[in-house]
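Enquirer: Coordinates only, no sequence provided:
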């Protein structure tokens, strides 16, 4: 079946005899969280395959923890970027942090613009950076085990990796809701939300993957159409609380949203208000502005904006004064789950605090993502 294999151990890239580039994220103990090395390996494989006529399509999956913790294909896709690295690099002033985001966002753009079918098998955890390497796919497959979210406001960040672009294009004001709350979509819900294209039972994944690898496909399109024929649509064509989501998250600002939730006498409203109160108040405002600006942007411009934003997250308040460094400390380093947000409440956030995030630190021609261009 396999004709060649190379790239670092955390990214396995193989070309099947039938012409499918098969990528497996192989860092199961970290739920396949992306390192800079993994981003570079993914980029190298996709660039090598892009112009290779022997490669008809690309498929990507994760490696999970199987029986008794033994690694096995599927079960987890990608939990995001390596946030412990973010914390350490920010405190150390390590320039690898800048390289990480520049190269990650360039990879996200490459996937969205990829000229061959790119099939993402999003089993298990699909969060943050995992969304960045799957939302640009030509076919996005989820299972009953999928747990999908953009939970960045929980760590004092914003939904990056193109999150402004793909969240802003969801129905109604679902994008604002997912960006601010980090709500987890389960099973077939991502299909209903238009963040996936179809549902496949998890026990069918090995069969479908093997058939992809073993078949001599006439074209990448034929391979994609076959996988698509194996998918189902969820029985429910509407997300729970869709009407309430639109009514609340279409309001002008975060304070108005919280006030509306606190007035509403429903379990959903109480739970959502509670979620928002645990997020960084400052980054709730930044994320809302990001998603609403992105509605009028193409992908390349959105990624440039997000590169500006992430720079500001670590440099407006450097070191441990950074809202992002503090959020990661509380969640993943000290694990006290008690972040000291600054300001501590939504009412304390002013427009003057939000505005600097959207000022680029680079001249247009010197921007690290200046070369990104969207194809028609």
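Expert: Here it is on my side, so go on. Since this is a predicted model, take the numbers as computed values, not measurements.
Enquirer: How much space separates residue 17 from residue 277?
Expert: Distance, residue 17 to residue 277, by Cβ to Cβ, to the nearest Å: 55 Å. For the C-beta atoms, the positions are set from N, CA and C on the backbone; glycine is no exception.
Enquirer: meant to ask about residue 238, not that
Expert: Taking Cβ to Cβ as the criterion, residue 238 is separated from residue 277 by 27 Å.
Enquirer: Residue 174 too?
Expert: Separation of residue 174 from residue 277 (Cβ to Cβ): 21 Å.
Enquirer: Those two: who's more crowded?
Expert: Neighbours were counted for residue 174 and for residue 277 using other Cβ atoms under 10 Å; residue 174 has more, 23 against 13.
Enquirer: wait, what's in contact with the more buried one?
Expert: Contact analysis of residue 174 by Cβ atoms under 8 Å, 6 or more residues apart in numbering lists 167, 193, 239, 242, 245-246, 249.
Enquirer: one more time with 6 Å
Expert: Neighbour list for residue 174: residue 245 [criterion: Cβ atoms under 6 Å, 6 or more residues apart in numbering].
Enquirer: next one: the one 4 residues further on
Expert: Listed by Cβ under 6 Å, 6+ apart, the contact set of residue 178 reads 150, 167.
Enquirer: Model confidence score at it, please.
Expert: With respect to pLDDT, residue 178 scores 98.
Enquirer: quick one: the helix or strand hosting it to chain centroid distance?
Expert: In this assignment (DSSP states H and E), residue 178 forms part of helix 174-181. Here helix 174-181 is found 13 Å from its chain centre; the criterion is Cα atoms, centre = their mean, to the nearest Å.
Enquirer: swap in stretch 352-361?
Expert: Using Cα atoms, centre = their mean, the offset of stretch 352-361 from its chain centre is 23 Å.
Enquirer: so is residue 13 in a helix, a strand, or just coil?
Expert: Using DSSP: H, G, I helix; E, B strand; the rest coil, the structure places residue 13 in strand.
Enquirer: shift numbering so it begins at 29
Expert: Let's use 29 as the start, then, which means that last one is residue 41.
Enquirer: ok, now how distant is the closest residue to it other than its chain neighbours from residue 67?
Expert: Nearest residue to residue 41, sequence neighbours excluded (Cβ to Cβ, 6 or more residues apart in numbering): residue 73, at 4.0 Å. Here the criterion is Cβ to Cβ. By it, residue 73 lies 11 Å from residue 67.
Enquirer: just residue 88 next, same as before
Expert: 13 Å.
Enquirer: Tell me if I'm right that residue 145 and residue 252 touch.
Expert: Yes: at 4.2 Å, residue 145 and residue 252 qualify as touching, with contact defined as Cβ atoms under 6 Å.
Enquirer: ok, which stretches of the stretch 129-278 of the chain are helices?
Expert: Using DSSP state H, counting those that start in this stretch, the helices of the stretch 129-278 of the chain run over residues 157-160, 191-196, 202-209, 217-220, 233-242, 248-257, 270-277.
Enquirer: Against which helices or strands is the second one packed?
Expert: Counting by 3 or more Cβ pairs under 6 Å, 6 or more residues apart in numbering; DSSP states H and E, the packing neighbours recorded for helix 191-196 are helix 202-209, helix 309-322, helix 327-343.
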